[in-house]
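Enquirer: Sequence first, predicted model second:
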Amino acid sequence: MSKKLEYTRLPDFRISYSESKIDQTSSIYHHHDAFEIALFINADLQIFIKDYEYKIRNWDLFFINEYDIHHIMYNTTPNYIRYVIHFKRDYVLPVLKALNMEGILDNLASAENKKTHPNLKDRAEILALFEAIHRATGYGHEPCDEISRAQVLSNLILLLIKLMKLLQFEENSKVLTESDIFIQGVIRHIDENFMKPITLTGLSISLYTNKYYLCHLFKQKTGFTVMEYIQYRRVIEAQKLLKETDKDIITVYYECGFNNVQNFYRVFKKISKVTPLQYRKLYREEN
């Protein structure tokens, strides 16, 4: 199985439609600075997000929060078909505020379940929304005029409302194994302590477990090694600080748990494909 490590810088809004053949299994470790809604019309894959693995089947609708690390494992299939929408918070926030609905993004982000399997009626409505958005953008491009932009935003808001309703019915559908619960605890501990020094020995002591069992199960469940996940988590936080604050590089790497500036630059560039200073400059140029 091939493995890719990716961070994607996205425009404020993007929709894509894909029909393809997957000839070999592949794996992507991925995150981006935008929300994602995916409708899998024909698919055979698994997505590990945050602390749970979802098996994706035909007509599943899936939501991914901004900056959430997700590991996608594609299985071979002769006809992979899906729609994907990416959008940044600021793209929809003015309309959500006008409708007094600005909390819907945080509600979706905090939903326990990220996947829903619509019935035939809901499936038809959701597909129609994706198709309407796709047409309004000129089949994947940015809306070229105010009417097209209004069509995109209105249908996107309707899609968010529909998704929120469906996910509310899915809240208690996940079945967690004992190992799932253990990995959730590991990730929760890392998320709460990534800004501090973390070693495998210290982590295993904190979680009252064997270091080798911890490493084996974490890799098996997430696709990451424990230290890879910690590095990824620290870089994501650094990206947020570089975009949203004027903090200097030393402050950023210190607050994100890196032990020295050389290590920070090396790991950041490996994941982001640019240096921290280049990342900040690219973001400022976009805005």
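Expert: Yes, it's here. On a predicted model such as this, the values are computed, not experimentally measured, just so you know.

Enquirer: Strands along the stretch 51-200 of the chain, start to end?
Expert: Here the stretch 51-200 of the chain has its strands, by DSSP state E, counting those that start in this stretch, at 52-56, 60-64, 70-74, 77-87, 115-116.

Enquirer: Distance from the shortest one to the middle of the chain?
Expert: Put plainly, it is strand 115-116. Distance of strand 115-116 from its chain centroid, counting by CA atoms, centre = their mean, to the nearest Å, is 14 Å.

Enquirer: quick one: contacts for the residue nearest in space to the middle of the chain?
Expert: Nearest to the centroid of the C-alpha atoms of the chain, with distances taken as CA atoms, centre = their mean, sits D68, at 3.8 Å. Taking CB atoms under 8 Å, 6 or more residues apart in numbering, we find D68 in contact with H31, I49, K50. In this view, the C-beta of every residue, glycine as well, is placed from N, C-alpha and C.

Enquirer: Could you do I190 as well?
Expert: So I190 contacts I198, L203, V226, Y229, I230, R233 (CB under 8 Å, 6+ apart).

Enquirer: How many residues are close by the first one?
Expert: Spelled out, it's I198. 19 (other CB atoms under 10 Å).

Enquirer: what does the fifth one give?
Expert: Summarising burial for I230: neighbours were counted as other CB under 10 Å, giving 20.

Enquirer: In this protein, where is pLDDT below threshold?
Expert: Along the chain, segments meeting pLDDT under 70 span 1-9, 140-141, 171-174, 285-287.

Enquirer: Show me it divided up by domain.
Expert: 2-170, 178-286 (automatic domain parsing).

Enquirer: report the longest helix in the protein, please.
Expert: helix 146-170 (DSSP state H).

Enquirer: what about the helices in the stretch 101-250 of the chain?
Expert: With helices called from DSSP state H, counting those that start in this stretch, the stretch 101-250 of the chain shows them at 104-110, 120-136, 146-170, 178-193, 200-206, 211-222, 226-244, 249-255.

Enquirer: out of those, nearest to K281?
Expert: Ranking the helices of the stretch 101-250 of the chain by proximity to K281 (CB to CB) places helix 226-244 first, at 9.5 Å.

Enquirer: any idea how far that closest one is from the chain center?
Expert: For helix 226-244, the distance to the chain centre is 13 Å (CA atoms, centre = their mean).

Enquirer: In terms of secondary structure, what does that helix contact?
Expert: Judged by 3 or more CB pairs under 8 Å, 6 or more residues apart in numbering; DSSP states H and E, helix 226-244 is in contact with strand 26-32, helix 178-193, helix 200-206, helix 211-222, helix 249-255, helix 261-272, helix 276-286.

Enquirer: what about dumping the CA coordinates of it to PDB?
Expert: Extracted C-alpha coordinates of helix 226-244, given in PDB (Å, rounded to 0.1, in the frame of the first residue of the first chain):
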ATOM      1  CA  VAL A 226       2.600   7.900  18.300                       C
ATOM      2  CA  MET A 227       5.500  10.400  17.700                       C
ATOM      3  CA  GLU A 228       4.200  11.100  14.100                       C
ATOM      4  CA  TYR A 229       0.800  12.000  15.500                       C
ATOM      5  CA  ILE A 230       2.400  14.200  18.200                       C
ATOM      6  CA  GLN A 231       4.400  16.100  15.600                       C
ATOM      7  CA  TYR A 232       1.400  16.500  13.300                       C
ATOM      8  CA  ARG A 233      -0.700  17.800  16.200                       C
ATOM      9  CA  ARG A 234       2.000  20.300  17.100                       C
ATOM     10  CA  VAL A 235       2.400  21.500  13.500                       C
ATOM     11  CA  ILE A 236      -1.400  22.000  13.200                       C
ATOM     12  CA  GLU A 237      -1.400  24.200  16.300                       C
ATOM     13  CA  ALA A 238       1.600  26.200  14.900                       C
ATOM     14  CA  GLN A 239      -0.300  26.700  11.600                       C
ATOM     15  CA  LYS A 240      -3.200  28.200  13.600                       C
ATOM     16  CA  LEU A 241      -0.900  30.600  15.500                       C
ATOM     17  CA  LEU A 242       0.900  31.700  12.400                       C
ATOM     18  CA  LYS A 243      -2.300  32.500  10.700                       C
ATOM     19  CA  GLU A 244      -4.300  34.000  13.500                       C
END
